[in-house]
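>>> Sequence and predicted model, in that order:
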Amino acid sequence: MLNYLWGFMIVIGITVGVLRGNIAEVSNATLDSSKEAVALCITMLGIMAMWTGLMQVAKKCGLVAAFTRALRPILRYLFPDIPKDHIANEYIASNMIANVLGLGWAATPMGLMAMKELKKLNRNSDIASCDMCTFLIINISSLQLIPVNIIAYRSQYGSVNPAEILGAGIIATIFSTIVGVLFSMVARKSSKHRGYH
């Protein structure tokens, strides 16, 4: 679906450029945007390599396991249907830690593994379980203490103080996470009341 949407927007942009006699500007903007995209990717590659490496170091030295143990009471509350020592807990904890540190790209593989394990617990059903929905909501609301991606974007585009948005980002993601958790708890109670799992 997204491919069709992007294709449609490109065709519309070119058509409007031709009709208004600005096709040269469209061509220049395309070339400039391509250069800018490559420069942004190189910037993000360095930052993400550093933070992903730090996550691997944290995992090897036992910090991720320690955080998983520390998060266990929260995980039990948010995901009551997951068995206590199930591997899904570790994947979910790793995903949450990466998201808190603003490492959305590093969080994705752990999130996919967590979802795979949650699907197994859901007997491979095509209908998402309450735990799967809760995990998705928390992942999307994404509490972040260090929004690495946004800081990198601001740095790339010449911000004088790229980390200036830390306070606003923390407040915004705290509220979005609280709303997400409340919504998932209400939805869980409603679905249990109607006989769904």
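Ah, there it is.

>>> all helices of this structure, in order?
In the chain, the segments counted as helices under DSSP state H are 2-19, 23-60, 63-78, 87-100, 104-121, 130-141, 148-156, 166-193.

>>> With respect to burial, which of these scores highest?
helix 87-100 (a mean of 23; mean count of other Cβ atoms under 10 Å). Any C-beta I mention is one placed from the backbone N, CA and C, and that applies to glycine too.

>>> helices and strands around that helix, which ones?
helix 23-60, helix 63-78, helix 104-121, helix 130-141 (3 or more Cβ pairs under 8 Å, 6 or more residues apart in numbering; DSSP states H and E).

>>> got those helices as CSV, with mean pLDDT and distance to Ser191 columns?
Converted to CSV, those look like this (pLDDT from 0 to 100; distance: least, Cβ to Cβ, whole Å):
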stretch, mean pLDDT, distance to Ser191
helix 23-60, 79, 34
helix 63-78, 84, 15
helix 104-121, 86, 15
helix 130-141, 89, 6
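
>>> Figure out which of the ones you listed is closest to Arg188.
Of all the helices and strands packed on helix 87-100, helix 130-141 sits nearest to Arg188, with 4.6 Å by Cβ to Cβ.

>>> between the closest one and helix 87-100, how many degrees?
For helix 130-141 against helix 87-100, the angle by axes from the mean of the first three to the mean of the last three Cα atoms, to 10 degrees is 10 degrees.

>>> just the angle between helix 130-141 and helix 63-78, please?
Interaxial angle, helix 130-141 versus helix 63-78 (the same axes, to 10 degrees): 120 degrees.

>>> so what does helix 130-141 touch, helix or strand wise?
Counting by 3+ Cβ pairs under 8 Å, 6+ apart, the packing neighbours recorded for helix 130-141 are helix 87-100, helix 104-121, helix 166-193.
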